[in-house]
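# Return a 3D structure for these sequence lines:
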Amino acid sequence: MPTKTKIIHNQLVFLFMLVFSFSYAQKEISGNWILTKITTNNKVTKPYLLTKFTREGKIIMMEQNFGSWHISKNNIYLDFRKKKFSGNYKIKFDNYKMEFIKEETNFIYQKYHPENNNKLSILGSWRLHDKNQVAFLNILSDNSVYAILIQENGTIETKGTWFYMPKEKKLVVTGFFDDIRGVNQLIKVSDSSFTIKNMDNILQFTRVKQQKLEPLPFKYEDFNVDLDDSNKLPWTDNYLNYLKNIKQINYTKNRYIPKMGVFFKENLIECIDVNPIKKSITFKKMMISKDTTDLESVTKGVLSNSYNRFFPEKDLSPFRVIDKTELIIGKKSLSVTIVEGFDGTTKIKLWMIDKKPGIFAKKMIYRYDDTGKLTHAIIYELKTISHR
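Residues are numbered from 1 along each chain as shown. Now for the predicted structure:
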């Protein structure tokens, strides 16, 4: 018959083992894992989601709190926002893998090793080779990845995360850019390009060099509100007489993408329609890429833009004339007046061709958000003028 001392000893050993088991499981689970497989009712999905089990008991995926966890005896209790996955799970550790098991639901995780990302040299800005869309990637060392899709009327930006699995040679990307989301099999990687296979699609990216954006350093407080430079501007009311002989203006549109640090070049056409009876002028702007896309039409007449000194651009306030100079466009030397000013929080710098009202040799338009951060910048450069 065991003595009282032995019973106490056994209880202490059991309590120690229980605490040790609890602490071990707590320590083993805490950290970053890759959710590689979910089996529920014999249905298998492979999300490859980077998941963090915090020591405070949170479950973090895609920078969001998806639920909580705690150790209960030899089990783990998962409390997800989707309640059908919540409950007690058995825990199984196998080398660098972890499995949670409950009835018809299994979660399989693989230990995440951030140092593996250093084995893949793909940091930087890349462009996708695709005739149907224009897209850029910016892959950063903090495991974030930005995807920018270029559209006629702006850009669509998505953010995700990435990690590398060297043994399987897989690049895993989370986020909302469908082309590369999920598991990508690496086919070829070099300093200048990389090729991946996403499902049945082969995608090729080429590295793009960082390009510097010419700054517009002026600020509101640089302008003297008591000075009026209107008398220095070259264009008066002679729009109609000059533009009636102009058919269209062709510009190169250089769109700067701040997060990528690169320019994207497009062609812009401004078609001109002059109505001498109504004494109006209409500029119809069109983008020329794979297809022709109508952007907008702006009209100067008796009832609209009649006092706009910078038509077909927005009227600036405040503004100032900073210089008059000569520019070579094609084979011709043109006299220009350089103006800088504001349209709300947008900074604008214009090179107005003195004897060609409505036509600019160059335009720089930089937009900022309320915090003063540059959101996008466009630089237009005159290519040709077509006469009737």
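
# how about the strands of the stretch 201-350 of the chain, start to end?
201-207, 246-257, 262-275, 280-288, 292-300, 319-329, 332-343, 346-353 (DSSP state E, counting those that start in this stretch).

# again with the stretch 1-150 of the chain
Under DSSP E, counting those that start in this stretch, the stretch 1-150 of the chain gives strands at 31-40, 43-45, 49-53, 58-61, 64-72, 75-80, 87-94, 97-102, 105-111, 124-128, 134-139, 144-151.

# which residues of the stretch 201-350 of the chain score low on pLDDT?
Residues of the stretch 201-350 of the chain meeting the criterion pLDDT under 70: 237, 289-292, 294.

# What of the stretch 1-150 of the chain?
1-25.

# just to revisit the earlier point, any chance of the strands of the stretch 1-150 of the chain in CSV, with distance to Asn254 and mean neighbour count too?
C-beta here means a position set from N, CA and C on the backbone, and glycine is covered the same way. Shown next, in CSV, are those (distance: least, CB to CB, whole Å; neighbours: other CB atoms under 10 Å):
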stretch, distance to Asn254, mean neighbour count
strand 31-40, 40, 17
strand 43-45, 43, 9
strand 49-53, 36, 19
strand 58-61, 39, 16
strand 64-72, 37, 15
strand 75-80, 47, 17
strand 87-94, 55, 14
strand 97-102, 50, 17
strand 105-111, 44, 18
strand 124-128, 15, 20
strand 134-139, 14, 21
strand 144-151, 12, 18
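
# if I look at the residue nearest the centre of the chain, how far off is Thr375?
Geometric centre of the chain, nearest residue: Glu157, 3.4 Å, by CA atoms, centre = their mean. To Thr375, Glu157 is 10 Å away according to CB to CB, to the nearest Å.

# re the thing from before, looking at the strands of the stretch 201-350 of the chain, which is nearest to Leu137?
With respect to Leu137, and counting by CB to CB, the nearest of those is strand 201-207 at 6.5 Å.

# What residues sit buried inside stretch 209-227?
Neighbour-count burial for stretch 209-227 flags Leu213, Phe223 (criterion: 16 or more other CB atoms under 10 Å).

# What's opposite the nearest residue to Phe311 once chain neighbours are set aside in the beta bridge?
Residue nearest to Phe311 in three dimensions, not counting chain neighbours: Lys300, with 4.6 Å by CB to CB, 6 or more residues apart in numbering. Beta bridges link Lys300 to Ile281, judged by DSSP bridges.

# Leaving out the residues flanking it, which one is nearest to Ala135?
Nearest one to Ala135, counting by CB to CB, 6+ apart, is Leu128 at 4.3 Å.

# Contacts only, for the one you found.
Counting by CB atoms under 8 Å, 6 or more residues apart in numbering, Leu128 makes contact with Val134, Ala135, Phe136, Leu137, Asp179, Leu203, Gln204, Phe205.

# Can you give me the distance of Ser125 to Gly261?
6 Å.

# what touches both of these two?
Common neighbours of Ser125 and Gly261 (CB under 8 Å, 6+ apart) are Gln210.

# and stretch 165-182, how far apart are its ends?
13 Å (CA to CA, to the nearest Å).

# which of the residues in that stretch are buried?
Within stretch 165-182, the residues that count as buried by 16+ other CB under 10 Å are Met165, Lys170, Leu171, Val172, Val173, Thr174, Gly175, Phe177, Asp179, Ile180, Arg181, Gly182.

# just checking, what packs against the helix or strand harbouring the third one?
Pointing back at Leu171 there. If you go by DSSP states H and E, Leu171 is part of strand 170-173. If you count contacts as 3 or more CB pairs under 8 Å, 6 or more residues apart in numbering; DSSP states H and E, strand 170-173 packs onto strand 154-165, strand 182-189.

# rewinding a little: OK, contacts around the residue nearest to Phe311?
Contact analysis of Lys300 by CB under 8 Å, 6+ apart lists Tyr239, Ser280, Ile281, Thr282, Ser306, Asn308, Phe311, Pro312.

# State the distance from it to Val134.
Plainly put, Lys300 is 33 Å away from Val134 if you go by CB to CB.

# now Lys197
21 Å.

# Return the member of the contacts of Leu128 nearest to Ser230.
Distance to Ser230, by CB to CB, is smallest for Val134 among the contacts of Leu128, at 40.6 Å.

# Once you drop chain neighbours, what's closest to that closest one?
Excluding its sequence neighbours, the residue lying closest to Val134 (CB to CB, 6+ apart) is Ile150, at 3.9 Å.

# List the residues that contact the closest residue to Thr325 other than its chain neighbours.
Spatial nearest neighbour of Thr325, chain neighbours left out: Val336 (6.0 Å); criterion: CB to CB, 6+ apart. Contact partners of Val336, counting by CB under 8 Å, 6+ apart, are Lys324, Thr325, Glu326, Leu327, Trp351, Met352, Ile353, Asp354, Ala361.

# And Leu50, by the same measure?
Leu50 neighbours (CB under 8 Å, 6+ apart): Asn32, Trp33, Ile34, Leu35, Met61, Met62, Tyr112, Asn143, Thr161, Phe163, Val172, Thr174.

# how near is the second one to Lys73?
It stands for Trp33. Using CB to CB, we find Trp33 at a distance of 22 Å from Lys73.
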